[in-house]
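# Predicted structure and sequence below. I'll ask about it afterward.
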Amino acid sequence: NSRGTASLLKDSISFTDFSASGLFEGHDLLRRGFTSVKNELLPSHPLELTEKNFQLNQDKTNFATLRNIQGIHAPLKLQMEFRAVKQVQRLPFLHSSNMAMDILRGNDECIGFEDILNDPSQSEVMGEPHMMMEHKLGLL
């Protein structure tokens, strides 16, 4: 009975397992670089974790101070403004300075490392607009 065998095979293998974003997804070297188990397990320097979480720790400290001074409404309002600013983004192939986020954090008058060495003309992010949009929308 060939019909019974075909229906058994069709029912036992789901087609979602073979999709590009599923179980058999390949590692994209162009977007993610080379993989290294050592880099995934251990930080490369003792201060790396502190530097990665610096902005988060600074925000928590500022929210706690703001709550102690002005009450619960002030940090909640600021967090809602942060969330609203993060949702508004440019297209993925256009450089964004995130000026609104800098203004909310009070960094708009400060000159930092990223202001000098973050030249958009030297950025490797710029690519083909259609490919980047398809990747962002999950079509690629």
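Thanks, I have it.
# going forward, measure contacts and count neighbours with C-alpha atoms only.
Fine.
# Select the helix or strand of the chain having the lowest average pLDDT value.
The helix or strand of the chain with the lowest confidence, counting by mean pLDDT, DSSP states H and E, is helix 2-12 at a mean of 46.
# Can you name the element that comes right after that helix?
Next in sequence after helix 2-12, counting helices and strands by DSSP states H and E, comes helix 29-32.
# Could I get the CA-only coordinates of that following helix as PDB?
Taking C-alpha atoms only, helix 29-32 is exported to PDB below (Å, rounded to 0.1, in the frame of the first residue of the first chain):
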ATOM      1  CA  LEU A  29      30.300  33.900   8.700                       C
ATOM      2  CA  LEU A  30      29.700  37.300   7.000                       C
ATOM      3  CA  ARG A  31      27.400  38.500   9.700                       C
ATOM      4  CA  ARG A  32      28.600  36.700  12.800                       C
END
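# and residue 58, what are its phi and psi?
phi -70, psi -40 (degrees, to the nearest 10).
# just residue 118 next, same as before
phi -120, psi 60.
# what ranges do the helices span in this structure?
2-12, 29-32, 37-41, 48-52, 54-70, 73-87, 99-105, 113-116, 129-137 (DSSP state H).
# what would these look like in CSV with mean neighbour count and distance to residue 93?
Listed next are those as CSV, based on neighbours: other C-alpha atoms under 10 Å; distance: least, C-alpha to C-alpha, whole Å:
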stretch, mean neighbour count, distance to residue 93
helix 2-12, 10, 41
helix 29-32, 8, 14
helix 37-41, 8, 28
helix 48-52, 11, 24
helix 54-70, 13, 25
helix 73-87, 13, 16
helix 99-105, 14, 17
helix 113-116, 8, 19
helix 129-137, 13, 6
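# among those helices, where is the model least confident on average?
Averaged per stretch, pLDDT over the helices of the chain is lowest on helix 2-12, reaching a mean of 46.
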